[in-house]
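[1] sequence and predicted structure are below.
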Amino acid sequence: MGEVDQNISTDVVDQKKGEYVLVGDAEDGQLGMYDKPLPCFGCGIGWFSLLLGFVCPFMWYYATILYFGNYYHKDPRERSGLAASAIAALICTIVVVVVLGIILL
């Protein structure tokens, strides 16, 4: 239970001065999740959909589907842009319903 390998020293005094312990493999080229750039020119699908939605509002609804489909679990950085697009889709829907209500009534 209390056996410790005697070859491994955990005491700082026992380690030689100037020698470093390799924490990670320097040759390993794997990038972390947040080191990869976001899709759509680096701004992410949500923010890209928000900007493109002013030209084609259906992009807001596409991003809303992604938001409610938990797409942001793949990359949490997407959450704010997808939420902004969902809010824009909600506002657009309310405006269209009010305008149609005024025209038809």
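    Everything's here; your move.

[2] buried sites along the top helix by length along the chain?
    Using DSSP state H, we find that the single longest helix of the chain is helix 79-104. Of the residues in helix 79-104, 79, 81, 82, 83, 84, 85, 86, 88, 89, 92 count as buried by neighbour count, 16 or more other Cβ atoms under 10 Å. Glycine gets a C-beta too; all of them are placed from N, C-alpha and C.

[3] tabulate the residues you listed in TSV, adding columns for distance to residue 41 and pLDDT.
    TSV is the format used below for the buried residues of helix 79-104 (distance: Cβ to Cβ, whole Å; pLDDT from 0 to 100):
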residue	distance to residue 41	pLDDT
79	18	88
81	12	90
82	16	91
83	20	93
84	16	94
85	16	94
86	21	94
88	19	95
89	21	95
92	23	95
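
[4] and of those, the nearest to residue 99?
    The shortest gap between residue 99 and any of the buried residues of helix 79-104 belongs to residue 92, at 10.6 Å (Cβ to Cβ).

[5] excluding its backbone neighbours, what's nearest the closest one?
    Once flanking residues are discounted, residue 92 sits nearest to residue 57: 5.3 Å by Cβ to Cβ, 6 or more residues apart in numbering.

[6] and the longest helix of the chain, what does it pack against?
    helix 44-52, helix 58-68 (3 or more Cβ pairs under 8 Å, 6 or more residues apart in numbering; DSSP states H and E).

[7] angle of it against helix 44-52?
    30 degrees (axes from the mean of the first three to the mean of the last three Cα atoms, to 10 degrees).

[8] what is the neighbour count of residue 52?
    17 (other Cβ atoms under 10 Å).

[9] then the one 5 residues further on?
    Other residues near residue 57 number 16, with proximity taken as other Cβ under 10 Å.
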